[in-house]
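K.L.:
build me a structure from this.
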Amino acid sequence: MSKSNAPAIRELSPEEASALLERHHVGRNAYSFHDRVDIQPIHYTIDGNWLYGRTSPGSKFATLAHNPWCAFEVDEVRDVFDWDSVVVKGHIELLDPETASQDAYDLGLHLMRELVADTFSPGDPVPQRSILFRMHASETTGRSARPAP
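P.N.:
Okay, here's the model as predicted:
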C-alpha cells in the first residue's frame, strides 16, 4: 500500500468516544487473572462515567471478585479501513442489593430495565445473568480509521 492510498487513522475526541458508547448496547468485557486473559460479550448501558451490565455466576464472576480491573470495548466496523473503536479501562463494582449502595443498585436496575424491560423479573430473557455490576470509566480512548480518499 503506497502512502497515497494509506488509510487515515486518528484518535477519537472524548465527545466522539462517548457518543459511540451511547449509540451501542453490546460490547466486550476483558479481564485477567494470573496469566490468563478472557473476553466476554455483554449488553450494557451507560450513565456518565459508569457502564452498567449484567453477568452470571461462574469463572468470570470469580475472577472479577478477586481482580476488579478490566477493559471494555465497543466497535463500529463498516469495512477493513472504515471503523471506530472505543476502549474503556476501569474497575468493576458488584451491585448486590444487600451489600452495595442501595442507590447504586436502584440506578443500575433502572438503567438495565430501560434496555431490557424484564430485567430481574419473571419474564427476564437472560435470568442466568443474575449479577448486576457497574464499571467506572477511569480511562476512555478511541481510534478511528477511514479509507484513503
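
K.L.:
residues in a beta bridge with residue 55, which ones?
P.N.:
When bridges are assigned using DSSP bridges, the partners listed for residue 55 are residue 131.

K.L.:
typo on my end, it should be residue 71
P.N.:
residue 30, residue 89.

K.L.:
does it touch residue 88 like I think?
P.N.:
Yes: counting by C-beta atoms under 8 Å, residue 88 is a contact partner of residue 71 at 6.8 Å. Just so you know, the C-beta spots here come from the backbone N, C-alpha and C atoms, and that holds for glycine as well.

K.L.:
neighbour count winner among those two?
P.N.:
In this comparison of residue 71 against residue 88, neighbours counted by other C-beta atoms under 10 Å, the higher total goes to residue 88 at 25 against 17.

K.L.:
ok, that one - contacts?
P.N.:
When the contact criterion is C-beta atoms under 8 Å, 6 or more residues apart in numbering, the partners of residue 88 are 21, 51, 71, 72, 73, 135, 137, 139, 140.

K.L.:
ditto for residue 33
P.N.:
For residue 33, the contacting residues are 63, 66, 67, by C-beta under 8 Å, 6+ apart.

K.L.:
tell me the contacts of the residue nearest the centre of the chain?
P.N.:
Taking C-alpha atoms, centre = their mean, the centroid of the chain lies closest to residue 72, which sits 4.4 Å from it. Shown in contact with residue 72 (C-beta under 8 Å, 6+ apart): 27, 28, 29, 30, 44, 51, 87, 88, 89, 90, 135.
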